[in-house]
Each structure stands twice: as structure tokens, then as C-alpha cells.
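S.K.: Fold the stuff below for me.
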Amino acid sequence: MGTDVSMDSAICVAGSRFIRAGFLATNCTDNLVIFVNSGGEALENGDSNFHVKPDIFFQGGDVLRTDERVIDGGDFPSVYQSSRFGNFCYQFENLSPGDYFVDLHFAEIVNTNGPKGMRVFDVFIQEEKVLSELDIYSIVRANKPLQLVDVRVSVTKDGMITVSFEGVHGSPVINGICIRRAPQLAASEVKHGSITCNNCAAEIELSSAQSKLIRMKFAAKYEKKIEELSAQCHLKSDECYEAWMSLTAANKQLEDVRAELDKRIFQNYYQDQAMEKQAEKLRDASKMYEHDKKFWVASINELESKIKNMKREHSQLSCEAHKSANSIPDLNKMIIAVQAIVAECDDLKLKYSEEQEKRKKLYNQIQEAKGNIRVFCRCRPLSKEEVVSGHATIVDFTAAKDGELAMLTGGSTKKLFKFDRVYTPNDDQVDIFVDASPMVISVLDGYNVCIFAYGQTGTGKTFTMEGTNKNRGVNYRTLEQLFKIAEERKEIFTYKISVSVLEVYNEQIRDLLATSPTSKKLEIRQATEGVHHVPGIVEAKVENIKEVWDVLQAGSNGRAVGSNNVNEHSSRSHCMLCIMVGAKNLMNGECTNSKLWLVDLAGSERLAKTEVQGERLKEAQNINRSLSALGDVISALATKSSHVPYRNSKLTHLLQDSLGGDSKTLMFVQISPSEQDLGETLSSLNFATRVRGVELGPAKKQIDMGELQRMKMMSKARIQLKRRGFAEIRRELSNLEGKAKSRDQIYRNQKEKINELELQLESKTELCRQLEKQLLQLLEGVKKKEEIGLTLQQKVKELENKVKEHGLEESKTFQHKVKELENKLKERTQDFELHTSILKQKIKELESKLIMQGESLGFQSLEKKNKGLEEKLRQPTPGSAEQPRVTPNEQKAWSRTGTMCGTDPQILRSLNSSNGAMSQSSGLLKGADSLRELRRKRELQSKGIENNFPLSASLIEHKTTLQIESNKGRHIDPSKALARVTRITKLATAQRPLSNNRINREQQATGVKERDNRTRVWSR
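M.R.: Residues are numbered from 1 along each chain as shown. All right, here's what the predicted structure looks like:
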């Protein structure tokens, strides 16, 4: 219902209507002139010859398009998917004169989520508003069409139709404009202008010219009425002004009374102020007294507390002084005991370091006796596929605890292998790391260590080294052990641990921690003292085990992995985890830089068995080549050859520091228990046996000599600092003795100050007593002045009551006088009316007599009589003082008659006499209606001017000039007069509210223009 009301209120042209649906071509096939797709291209309907033209008739604006579907879009839904918006208009030219229908098509395709009022605009056709404040969203919502159809437009000879849009809130929008030729209206439907006859009530048709003429006549008639009303308004305003001026005398008296009242009020006000000032002074004095009293009480309390504190401090100082004097021998004993404890600690540290060195030497001797390369053998369990296939186990673990392993090569024959440790498939990752953990301690002690896993593909090398999230391998457990031991040794050693992860893939070194791939080739370089390193690799510093796991995960994710017939997830590269440990001994300052290599070698495999091709074949060849190079290095070391071919492979070149005799090495050989892997297993065991036979010689500790020298210098500096500390302690003892003596002196001085303060307190208490007495006297004086103030206030109230009574009496007398004046005016107006009626009768008789005499007598006799009458008029008459004066209008009339006397004296003089009588009667009538005329008459009467009868033209002109000059001399300023009137009305509100309200309303109704008109009239 609400949308229907908003639709109807938006339409401004009768006959047009809204349609909530899209355009249908069948509705306008015969009478179509043009259809424009606003903001879009030309369109055609395949079923009919209906064409939609592109948007080429616009001026300004921008284009909007949408891909959303328009609901109920009619035959051309794409019309509503494009629109023109902004500041624009359309002009259609070259149209034949006549009537047309204009249809407008809208759709909201921008503000699809509302709300209402986001887009409100007006539509004008031929500069006539056809739509007012149209809101598309409030009528049909978003993505729905809306049509305004049957807007009738007339086209003149210019052949143009203009459609413009004006935004009220937001930018206007249009989707399409359709122009159709409108049928001609029937004669009954055409409406003409008409008027109704007053006699027969018949309607008379009028043309446009006639109706225009009638409108002009009515306009002229109403203008005349407006002028008459404005003239009446001016007259009323003049009368009001005269009434205001009549009250000025009364207002002056009221002003005098008010001035007297103001004087009395000011006197009372000044007396009140004087009383208030005195009261304020008294209050300030009492406040000062209270403030001083509180201040002295607080100061006395503060002094008492200070005295107590000083006594307490004095007792404490005396106690401390006695204690310090008694503690001097105890301090000497303590210093001697501390020195003995320090020496004992130094001896214990030396013994501890010696024992630690012995333990390390014994362990290293055991390792060296074993050859420094230890070999652990681990066998994986059978896989599910091998169990299902029925493969048998060929490994005998009967003597595994003694480090022996038996292989069933065929029938009942066995081949024995001897290793440092043999692990069965039932052994866990924890058991394996227990035997490998002593190597970790060697790294923290400053030795290079290398742990690597060797074996064919699928034997569990990666599992042993890396493990899983739930069952960690050697890599993770090694680093965990490093951090644990470093935490235990933190009071003696400081450690810095960093990690780098490399892989050797196809004889190329790759950094697995690099964030972005680089084309730079990594090469092995030899640093000082035969240390090999790879410049450019990422060394991640780790401080806890969480960071270690993140680094290991990043390296594992970047490793090359592939699948073959032997293993689905086979490692296709050698993964090498390098852990750099920098250690510093806080006891002796010794610094070491050691390195731990944890290597997961790629699986050794036979090409015929894996059946790989292409890239996988190349990977397998490079893996076998590097492993054979490792075998050559082991053989050369076993035979103690003078040349060891480390540079034949990147793998052996990197492990040169670990295999070259300065490090401790541990090898995990991984084997398979399945009978189908017998050949590969025997090959791995034979290689491990050769490795176990290699003697590398004693390992060397990687000591940083520069750091050692620095620590020696620091220890000497510490000894000097300790000596200085002892000297400072002795100085402090002497200072304490001096301070105890100075505090005794301070105590004596403070005692003297306390005595002085007690004397000051006694004097101040006497002052406080004197101030209390003065305050009591001041309070008595304040009470007396308050009584005087109360009597003065009573007198002031009595005076105010008297003034009010006096003002009421005077206002009553003024009202009485005004009523008397009004009664006198009414009586005089009655007398004037009687006198005017008598004068009219006399004038009629004189006219008749003049007519009769003019026929009989000649012109000369009339002149003589006229002269005689003039002489009589010059003489003063007894009743002239009572006659009212003549108004300026009458003087003008007489001046006109005087000028006319030159042409026809006989007739003009008769007319002059009649006009003089008529002007006299009119002056009397005006005096009855206007107070202004009465006052002018009184002024003329007081000057002795007689205007009862017509005078000569020269005398009248002379008198009028004198009157104008006198008026100029006593000209009244209208602004001052109005100001006095406003003051009068403010005072007279209590006495005469009705007249005052009326005057105020008329004053507000009249503007500045009317005041100017009044001033002009009064100046004349």
C-alpha cells in the first residue's frame, strides 16, 4: 500500500502511470518512433523487426553496466543491465509537429542492498516536471524494471523533445527512453477555458486572448483595491501616531516618578553593597583567624612529631655508632674468612677441571683404542608385503649383545660379522641413541664428530636419522641432548649453537634452508688450519628445541625424494645436517669451535634391480659414484695410503674434516632381513667391516687460541678488581667511623634547635590568645551592623510601598483627566456639528441672494460690497477667538480661489465665500475625527490668527510661508518620538493594557517604510 502511495505522489502529469514489468515489443509496434538503450549498444529482436538504437542522443553523464540478471525484464532484459547516470539530459531532434507519448524505463542496478532514499531525483520533459522525487528502490527494489508510460508531450515547429534529470539525493539514472506517436484526442476530451453567465447561468467558451484580458482586468481591479487599503492604512497609522504623541506629557510625569524611584532604589542598593562589604570583611577576618589557628596547631603538631623523630633517630644513630665500633674486629675476621673461602673455591675448581680432563682423556683413549670409527648395525623388521609374499629372514641375532651378527647365505652355512653394537628389529630409537649420546658430549667438549647412516634403499636410514613426530630420530635427539647438557653446564660454559642443512644431489651442493632458489653454485673452500666450509650457506642460530624442529622440518621438506621398484619414497640425495658449537669455559677462558655432521646417505642400489630410467637413472648413477668414492676413501684410510681421494666426490670432500683423523666418527649400517635383499645386505656389511678397521688416530680438540689469550687478560683484570674492592671496604670502614662522630655532633645541634622551637611555640600560643580576643570583639561589631542593616531594609521596603501607592494615585488621576478630555471633545464635536448645519443654511441663502443680486446689480456695486466686507473682516470680532483655525488644505483652496478672482470677480467672489464656508465646515468635521487638527487649531488660536473667513491671496501666501517656517523650526525627530512612545507604552501597560496592546500590534505591523512616510507627512 505504501509503495502505491509513493508511486502516485511521484507522478506530476495526468494520464501517465507506472508499470512494474519490463518492456514488451508488442505494445508499441505500429506507433513507435524511436527506442534508445541508455548506456548500451543497439539491440534487435529476432522474432520481429523491432530495433533498439544505441545511446547517441545524450549530453553528459557516465555509463553503468551489470552482469546480474534482471527479474521480469521483458523482451529486452539487457536494456535494464546498462544505464546512464550523473548530470545529463537527452535531446531528440527532427521530429514532426504533433503529440507524442514518452515512456521512461528505470532499474536500480547499483544500490542493490538499499536502503531507501539512496537515489532520489526529478524528471523534466520539455522543461515541465513529470516525476517528483522518484525512488526506484522503494518501489520495485533492486534488479527489477520500472516503466513510466503515456507521458503526453507536444512538439512544436522546432521538432525537439528534451528530457532532463535533476538529482535530489544521489545521481539520477535512466535505462531506456521510448518515444511513440500519440493518437489525436476527441473533441469531447479537449478542455477549453469558460466563464458562467450571471443572468442565465450558461457557460461561455473563451479563447486564450479573452481569458488573458479578463485576468488583466481582474489584476487591475485588485491593484486599485490594494492602493485604497494602503491609503487607509497610512491614515490609521497617522492617527495612531497622534494618539501616541498625546500621551507624551503623561509619560514624562511617569518618567519623573520612575527617576525618583530609581534614585531611592540606587540608594538602597548602595547601602546593601556597603553592608555586604562589611559582612565580607568580617567573614574574611573570621576565616583568616580559623586558618591561622589551624596552621599554628598543625605546625605545633609537626614540630612535636619532628622532635620525636629526631629523638628516635638520635637513639638509632647512637646504637649504630656503638655497633660500628664493636663490628670493626668482626669485619676483619669476616674478610679473612672470605679470603679463605675464595681460595678453597679456586682449589675445588682446579680439582674439578683436572678430574674432567682425566675423564675426557680416558674416554678418548678408549675411542682411540677402538679405532675412532665406531660401527653400529641395525636391521629393520620385515614389511607387510614381504610377510605376505612369504619371504624368510636370513639374519641371526643370537649373539647380538656381543656385537656379532650371523647371515644365512645358503643352507646351513653362516657368515659372521663383528661390530661395536648390533640392534635387532625390536630395538627402539631410544636404545640406539643411548649408545650414540657419548659422541654428543665430545662435540660440547670441542671435538669434531661425524655420524652417518649407510645402506641400501628401503632399510630405514632416514627413519634412524630423522624419525617421525611421535618417534624422533638421532638428529632431533642429538640436538635435544646438546641443549640439555648446555643448560647443565651454563655456570661453567657458554654455548652458541647454529644449524645448516645441505644435500648433495647429482654431485651438486644445495642449501635446504635457503628461502629462495639461487642460480649461484655452491662450492667447498678450505679455510685456515685445513678447515673446509661452504661459503653462502644459511647458518640458522637456534636457542631451544622448538626452533630446532622447525629447522629440521624445513630441511626435510626441501630434500629430493623419488620412487622406484625397491622403495616408493626413496631418498635421491645425501642429506647432511651440520651443527656448529661454539663453547667458552668461564673458569679458564678456553674457547673451542667444534662441528657435528649428521649424514643420511642415499641408498645404495643395483640398477638392474631398480629398473629406473631417465632422470632417476642419472640420480642412481651419481649416488653409486659418490658411495664408491666413499668406499675408496675408506680403503685408502684402512691401508694408510699417502693419498686419500677426498676430492673424487662432493660427499667425501665435505666429510674430509670428519674422516681425516681429527674427529670422532660413528657409522650406522642399515640392513634388510629379507632373503630377496641378500646380495645388497652382504655388500653393506662388508663395507661396514672395512670402515670398522680404519684407524684415524687420536682426535684433536678445536681450541680458539685468540679467545684463550683474551680470557687470561680478563682473569688478571678480575684479580686487580678484587684487590681494589678490598681497599674500598677498608675506606668505607674509616668513613663509617667519621660518620658516627658527625652524627653525634648533629644530635647536639638538634637538641639546641628543639629548645629554640619550644620558646617560639610559647610566644605563638600567646599570639593566638590575643587573636581570639580580637575576633570576639569583631563578632560583636558584626552583630550590631547586621541589626542596623535589618532596620535599613525595613525602611527601604516601606519607601517602595509608598512609591507604589503614589504611582497608582497618579495613574488614577491621569486616567480621570483623560476621560474628562474625551468628554470635552465629544461636547465640542456636537457643537461643531450644530454650527456646521447653521452655516450650510446661511450659505444656501447667500447663494440665492447673490444670484438675485447678480442679475439686478452691476459689477461695480459688487466690488464695493466686497471691499466693505474685506474691511469688516480686517477688524477683530469678539467671537473670533473661539472659532477653530483653518487647516493647510483650506488655505490651499483659498489660495486657488484668490488666483481665480482675476478673471471673473463677481462670480469668483461668490464662489470664494461659499468655498470658505465649506472649508470651515470641513475643518470642523476633521477636527472631530482627528486630534492632530484640533491641536493645530489651538496653536493658531493662541497666536491670534483669524481664519473664519477667506482672506486675500497675498496674505494667505504670506501666512502659509510663515507657518511652514515655524513648522521647520520645531521639526520633531520621528526616531526620538517613537523612542519616547515606546517608553510610554512600557509604563502604561499596568494602567491601560488594552490600548497598549493595540498600539504595539499596529507598531509591529507597520514597517520601516511606513515610518518614513509618516515623517514626510508630519514634516509637511
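S.K.: just the CA coordinates of whichever strand or helix holds Arg180, formatted as PDB?
M.R.: Using DSSP states H and E, Arg180 sits in strand 176-181. Taking Å, rounded to 0.1, in the frame of the first residue of the first chain, the C-alpha atoms of strand 176-181 are listed here in PDB:
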ATOM      1  CA  GLY A 176      15.900   3.400 -21.700                       C
ATOM      2  CA  ILE A 177      13.700   6.000 -23.400                       C
ATOM      3  CA  CYS A 178      10.900   5.100 -25.800                       C
ATOM      4  CA  ILE A 179       9.000   7.700 -28.000                       C
ATOM      5  CA  ARG A 180       5.700   6.800 -29.600                       C
ATOM      6  CA  ARG A 181       3.300   8.800 -31.700                       C
END
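S.K.: That one: partners in the sheet, and parallel or antiparallel?
M.R.: Take DSSP bridges as the rule and strand 176-181 pairs in its sheet with strand 32-37 (antiparallel), strand 98-107 (antiparallel).
S.K.: buried sites along that strand?
M.R.: For strand 176-181, the neighbour count (16 or more other Cβ atoms under 10 Å) marks Gly176, Ile177, Cys178, Ile179, Arg180 as buried. Placement of C-beta: from N, CA and C, glycine included.
S.K.: so which one among those residues has the lowest pLDDT?
M.R.: Minimum pLDDT across the buried residues of strand 176-181 is recorded for Arg180, with 91.
S.K.: how far away is that one from Cys12?
M.R.: According to Cβ to Cβ, to the nearest Å, Arg180 stands 20 Å off from Cys12.
S.K.: sorry, back to before: please identify the deepest-packed of the strands paired with strand 176-181.
M.R.: Of these, the one with the most neighbours on average (mean count of other Cβ atoms under 10 Å) is strand 98-107, at a mean of 22.
S.K.: tell me how far it is from the chain's mean position?
M.R.: Computed by Cα atoms, centre = their mean, to the nearest Å, the chain-centroid distance of strand 98-107 equals 46 Å.
S.K.: next SSE after that strand?
M.R.: With DSSP H and E, the next secondary element past strand 98-107 is strand 120-125.
S.K.: Can you name every helix or strand that the next helix or strand after that following strand contacts?
M.R.: Later in the chain than strand 120-125, the nearest helix or strand by DSSP H and E is strand 128-134. If you count contacts as 3 or more Cβ pairs under 8 Å, 6 or more residues apart in numbering; DSSP states H and E, strand 128-134 packs onto helix 2-10, strand 120-125, strand 145-155.
S.K.: quick one, helices of the stretch 701-850 of the chain?
M.R.: Assigned by DSSP state H, counting those that start in this stretch, the helices in the stretch 701-850 of the chain fall at 705-856.
S.K.: So what angle separates the directions of the strand holding Arg180 and strand 145-155?
M.R.: 40 degrees (axes from the mean of the first three to the mean of the last three Cα atoms, to 10 degrees).
S.K.: And the contacts of strand 176-181?
M.R.: Contacting residues not belonging to strand 176-181 are listed as 23, 28, 31-38, 52, 57, 79-80, 90, 92, 95, 98-105, 161, 163 [Cβ atoms under 8 Å, 6 or more residues apart in numbering].
S.K.: run the last query once more with 7 Å
M.R.: By Cβ atoms under 7 Å, 6 or more residues apart in numbering, the surrounding residues in contact with strand 176-181 are 23, 28, 31-38, 79, 90, 92, 100-105, 161, 163.
S.K.: among the helices and strands packed on strand 128-134, which gets the worst mean confidence?
M.R.: Ranked by mean pLDDT, these end with helix 2-10 at the bottom, a mean of 70.
S.K.: could you point out which element follows it?
M.R.: Next in sequence after helix 2-10, counting helices and strands by DSSP H and E, comes strand 17-19.
S.K.: What are the buried residues along stretch 10-28?
M.R.: Under the neighbour-count criterion of 16+ other Cβ under 10 Å, stretch 10-28 has Ala10, Ile11, Val13, Ser16, Phe18, Ile19, Gly22, Phe23, Ala25, Asn27, Cys28 buried.
S.K.: now those residues as TSV including distance to Glu276?
M.R.: Output for the buried residues of stretch 10-28, formatted as TSV (distance: Cβ to Cβ, whole Å):
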residue	distance to Glu276
Ala10	70
Ile11	74
Val13	77
Ser16	80
Phe18	78
Ile19	83
Gly22	87
Phe23	88
Ala25	95
Asn27	92
Cys28	93
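S.K.: Farthest pair within those?
M.R.: The span of the buried residues of stretch 10-28, defined through Cβ to Cβ, is set by Ala10 and Ala25 at 26.3 Å.
S.K.: shaky segments in the stretch 451-600 of the chain?
M.R.: Applying pLDDT under 70 to the stretch 451-600 of the chain flags residues 517-519, 527-531, 559-572.
S.K.: which residues in it form helices?
M.R.: All helices of the stretch 451-600 of the chain, identified by DSSP H, counting those that start in this stretch, fall at 461-465, 474-488, 545-557.
S.K.: winner for burial among those helices?
M.R.: helix 461-465 (a mean of 23).
S.K.: hang on, the earlier thing: looking at the buried residues of strand 176-181, spot the one nearest Ile729.
M.R.: Taking Cβ to Cβ as the measure, Gly176 is the one of the buried residues of strand 176-181 closest to Ile729, at 102.7 Å.
S.K.: Next, the contact list for Leu552, please.
M.R.: Leu552 touches Asn475, Tyr476, counting by Cβ under 7 Å, 6+ apart.
S.K.: Quick one: residues in contact with stretch 419-435.
M.R.: 370, 374-381, 397, 400, 403-405, 464, 467, 471-474, 477, 673, 688, 692.
S.K.: make it 8 Å
M.R.: 370, 374-382, 397, 400-401, 403-405, 464, 467, 471-474, 477-478, 481, 668-669, 673, 688, 692.
S.K.: Give me the buried stretch members for that stretch, please.
M.R.: Neighbour counts using 16+ other Cβ under 10 Å place Phe419, Asp420, Arg421, Val422, Tyr423, Gln429, Ile432, Phe433 of stretch 419-435 among the buried residues.
S.K.: what kind of secondary structure is Gln253 in?
M.R.: Secondary structure state of Gln253, per DSSP: H, G, I helix; E, B strand; the rest coil, is helix.
S.K.: Report how many residues lie close to Gln793.
M.R.: Using other Cβ atoms under 10 Å, Gln793 has 14 neighbouring residues.
S.K.: do the same with Ala636
M.R.: Using other Cβ under 10 Å, Ala636 has 17 neighbouring residues.
S.K.: Just list the residues touching it, thanks.
M.R.: Applying Cβ under 8 Å, 6+ apart, the residues near Ala636 are His643, Val644, Pro645.
S.K.: Can you report how many residues lie near the closest residue to Gly40 other than its chain neighbours?
M.R.: Excluding its sequence neighbours, the residue lying closest to Gly40 (Cβ to Cβ, 6 or more residues apart in numbering) is Ser82, at 3.7 Å. By the criterion of other Cβ under 10 Å, Ser82 has 20 neighbours.
S.K.: that older thread, in strands, which of the buried residues of stretch 419-435 fall?
M.R.: Those of the buried residues of stretch 419-435 mapping onto strands are Arg421, Val422, Tyr423, per DSSP state E.
S.K.: Roughly how far does the last one sit from Ile432?
M.R.: In this structure, Tyr423 lies at 6 Å from Ile432, with Cβ to Cβ as the measure.
S.K.: Same question for the second one.
M.R.: Relative to Ile432, Val422 is positioned 11 Å away (criterion: Cβ to Cβ).
S.K.: What of Ile579?
M.R.: According to Cβ to Cβ, Ile579 stands 18 Å off from Ile432.
S.K.: And Val504, by the same measure?
M.R.: In terms of Cβ to Cβ, Val504 sits 24 Å off from Ile432.
S.K.: now swap in Val669 and tell me
M.R.: Using Cβ to Cβ, Val669 is found at 12 Å from Ile432.
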